[in-house]
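> Just the structure for this:
(3 chains)
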Amino acid sequence: MPEGPSIVILKEELAPFIGKKVTAVSGNSKIDIARLEKKKLTNIKSWGKHLLLCFSGFTVRIHFLLFGTYRINETKESPPRLHLQFSKGEINFYACSIIIIDEPLDERYDWSRDVLSKAWDPKKAMASLNEIPQTLVCDALLDQDIFAGAGNIIKNEVLFRIKVHPASKVGKLPLKQKKDLIKEAVKYSFDFLEWKKAYVLKKHWKVHTKKTCPRCHIPLKKEYLGKTHRRTFFCENCQVLYK
DNA sequence: ATACATGTTGGAGC
DNA sequence: GGCTCCAACATGTA
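This is a model prediction of the structure:
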């Protein structure tokens, strides 16, 4: 479910509920659910993998982690973490992390860090990368403070596209590769978005979950790299190790 | 059917 | 304080 583009798709799917009043609310979330009762959903935003349901004076933040799911105008067997009933239609969230944010969102979120935001600022990303020369690029791409919304699929595909080995140190990357990293993190995220919408995302994976390099046809490596130990697919031949 | 996976947090230990 | 490791959460898929 997660990765930023999937959240953007959800945000778009939920747009018809903006301006509508919550007529009933329930769920097993530990947040003070009653606060949503009779409140109008004023807006829906996203920041990276965060879905933000805006109400007057507070925001409900949904994070789907690894297993979270949702249903719009239908339900699943399992009890919803949060059920929002409207006079026409309903939204159900399952197995996700939910919190209420009481401060203004602009104080909590730096929109220029969201790879899918219009406010995305590549210069800030470059400045952040320059502060972490010892970090491996596979970890840097998953750093939500730098590339909010990028996930493990995006990580693997971006590094293959720019021909950089995941265990390369950020500080050892030539300027060209660093610029490519930033540019492709955004570009691939938008490709991901379009492919996901068209239900053809997996078809376009070059290395993620793959066995053979589509470029040179040797077997791909699958290793658990970086401090996050997330599975990493790469081609030893096509992706240069800068260390 | 057992293990794993598009993710994050908090706590322990060093 | 910072870093790493680990458990916890929870569910569809192979």
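
> contacting residues around the residue nearest to A:C216 when sequence neighbours are not counted?
Excluding its sequence neighbours, the residue lying closest to A:C216 (Cβ to Cβ, 6 or more residues apart in numbering) is A:N237, at 5.1 Å. To be clear about C-beta, it is placed using only N, CA and C from the backbone, and glycine gets the same treatment. Contacts of A:N237 were listed using Cβ atoms under 8 Å, 6 or more residues apart in numbering, and they are A:C213, A:C216, A:I218.

> Output the contacting helices and strands for the helix ranked longest in chain A.
With residue count as the measure and DSSP state H as the assignment, chain A has helix A:175-197 as its longest helix. Using 3 or more Cβ pairs under 8 Å, 6 or more residues apart in numbering; DSSP states H and E, the elements in contact with helix A:175-197 are helix A:4-14, helix A:122-130, helix A:137-142, helix A:152-161.

> would TSV of the ones you listed with distance to A:R61 be doable?
As requested, those are exported to TSV (distance: least, Cβ to Cβ, whole Å):
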stretch	distance to A:R61
helix A:4-14	11
helix A:122-130	22
helix A:137-142	20
helix A:152-161	21
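
> re the thing from before, now, of the contacts of A:N237, which are buried?
The neighbour count (16 or more other Cβ atoms under 10 Å) marks A:C213 as buried among those.

> now whichever residue of chain A sits closest to DNA strand B: how far from A:F55?
With Cβ to the nearest atom of the strand, the shortest gap between chain A and DNA strand B falls at A:G151, namely 2.3 Å. Applying Cβ to Cβ, to the nearest Å, one obtains 28 Å for the distance of A:G151 from A:F55.

> Please name the residues that touch the closest residue to A:V25 other than its chain neighbours.
If the residues on either side of it in the chain are set aside, A:V25 comes closest to A:L36, at 4.5 Å by Cβ to Cβ, 6+ apart. For A:L36, the residues meeting the contact criterion (Cβ under 8 Å, 6+ apart) are A:V22, A:V25, A:F55, A:V60, A:L84.

> Can you verify the first one is assigned to a strand?
Read it as A:V22. Yes: read with DSSP: H, G, I helix; E, B strand; the rest coil, A:V22 is one of the residues of a strand.

> if we can go back for a sec, which one of the helices and strands packed on helix A:175-197 lies closest to A:E77?
Using Cβ to Cβ as the criterion, the shortest distance between A:E77 and the helices and strands packed on helix A:175-197 is 20.6 Å, found for helix A:4-14.

> Show me which residues of the closest one are buried.
A:G4, A:P5, A:S6, A:I7, A:V8, A:L10, A:K11, A:L14.

> do stretch A:144-153 as well
For stretch A:144-153, burial by neighbour count (16+ other Cβ under 10 Å) applies to A:Q144, A:I146, A:F147, A:A148, A:G149, A:A150, A:G151, A:N152, A:I153.
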